[in-house]
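# Generate coordinates for the sequence data below:
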Amino acid sequence: MSEHKKSNKLRKKKRFSWRHAVALFVVYGVLFGVLSAMVDYYSYDMINPWVFIVLSISGAILATYYHLKSHQRTKADELARDLEEVL
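Reported below is the predicted structural model:
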């Protein structure tokens, strides 16, 4: 069996880490929180701020779920790894 196939099997057997999932949620939460804060600021209080809070939390949950489901390494994983080291 080639080295590439062995490394893919090892990667697939890698155990799920709740710490990494929470760190990803925080990264996506900050991203969506900042974006929704900018939209809320420029909407001049025409839209209830609770709408932006709910949208940012639900967006962070969905982004984390789809990120973990895709099994691809991105820049968000690097940021989450740095956040894990701090905690």
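
# Could you list the low-confidence segments of this protein?
Regions of the chain meeting the criterion pLDDT under 70 cover residues 1-15.

# and the longest helix for it?
In the chain, assigned by DSSP state H, the helix with the most residues is helix 18-42.

# The helix or strand following that helix to helix 18-42, inter-axis angle?
Downstream of helix 18-42, the next assigned helix or strand under DSSP states H and E is helix 49-70. For helix 49-70 against helix 18-42, the angle by axes from the mean of the first three to the mean of the last three Cα atoms, to 10 degrees is 140 degrees.

# now helix 49-70, how far from the centre of its chain.
With Cα atoms, centre = their mean, to the nearest Å as the basis, helix 49-70 stands 8 Å off its chain's centre.

# what's the helix or strand following that helix in contact with?
Next along the chain after helix 49-70, taking DSSP H and E as the criterion, comes helix 75-86. With contact meaning Cβ atoms under 8 Å, 6 or more residues apart in numbering, helix 75-86 is reached by 19-20, 23-24, 26-28, 67. The C-beta positions use only the backbone N, C-alpha and C, and glycine is treated the same way.
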